[in-house]
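Novice: Using only what follows, build the 3D model:
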Amino acid sequence: MKKITLLSSILVMLCCSLSHGQGIGYGFKLGVNVSQINSFSFDVVNISGGTPTQDNSSSIDESRIGFTAAFFAEIPINERLSFQPEFAYSSQGNKFEGLRYEYLQLPLALKINLNKLFINAGPQVGLKISAFEQSDNFSSFEFAGFGGLGYQFTDNIFIEARYTVGFTEVFEDDAAIELPMFSENSNEANRDTVLTNTEGKNSYFTLSIGYRL
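Specialist: Below is the predicted model of the structure:
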């Protein structure tokens, strides 16, 4: 909760400082993410010494389709270039339930306006806000970079496609992610099987529609 308050405070101070500027625009975006843990590697270990013969882990490498929402300010620098800080929520990870998590994010974009088209890119910091039972397996903070392309339909409505790649590890060093496995003669999950030595970084594609106020 303290981390969420800190990130929110940074956003409030930024918005307050920007409110004194001229020609600043504001708006919001809603969209979908297609996310996957990039360069994902792990070991499968049964902590009780058993050897399951069949598993239900086919989805641990599959992409997750999630939701994203963001508020933004657009600060003109010149006729073509502007600075666009955002405050966003993003659902990420893989399809497997034990590899899902959510972030609050602060993307900081430079935007180039090309008539109806626009391009943006910049760095991003994220704070994990997931609160499920395996949450401690994932790092609290993330640093990433992104690039996007958009089209302005009207003065207010636009669409944007963006790709984001993480630079920091998703997992904590001591992560042990529970992976339910099924023995040959039982339909009950053996929850002593875990993923350890996990490594990977976030990557996701976002398609969103936005509205400038």
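Novice: mean confidence for the helix or strand hosting residue 40?
Specialist: Secondary structure from DSSP states H and E places residue 40 in strand 25-46. Mean pLDDT, computed over strand 25-46, is 92.
Novice: what packs against it?
Specialist: strand 64-76, strand 81-93, strand 157-166, strand 193-212 (3 or more Cβ pairs under 8 Å, 6 or more residues apart in numbering; DSSP states H and E). C-beta: built from backbone N, CA, C; applies to glycine.
Novice: Buried residues in the longest one, which are they?
Specialist: Within strand 193-212, the residues that count as buried by 16 or more other Cβ atoms under 10 Å are 193-195, 198, 200-204, 206, 208, 210, 212.
Novice: what's residue 159 in contact with, if anything?
Specialist: Going by Cβ atoms under 8 Å, 6 or more residues apart in numbering, residue 159 touches 150-151, 153, 207-210.
Novice: let's see it at 7 Å
Specialist: The contact partners of residue 159, taken as Cβ atoms under 7 Å, 6 or more residues apart in numbering, are 150-151, 209.
Novice: next one: residue 68
Specialist: Contacts of residue 68 (Cβ under 7 Å, 6+ apart): 31-33, 88-90, 206, 208.
Novice: For those residues, pick the one with the most neighbours.
Specialist: When the contacts of residue 68 are compared by neighbour count (other Cβ atoms under 10 Å), residue 90 ends up highest, at 24 neighbours.
Novice: Just to check, it is in contact with residue 107?
Specialist: No. Using Cβ atoms under 7 Å, residue 90 makes no contact with residue 107, being 9.7 Å away.
Novice: circling back: quick check: angle from the strand holding residue 40 to strand 157-166?
Specialist: Note on geometry: by axes from the mean of the first three to the mean of the last three Cα atoms, to 10 degrees, strand 25-46 and strand 157-166 are set 40 degrees apart in direction.
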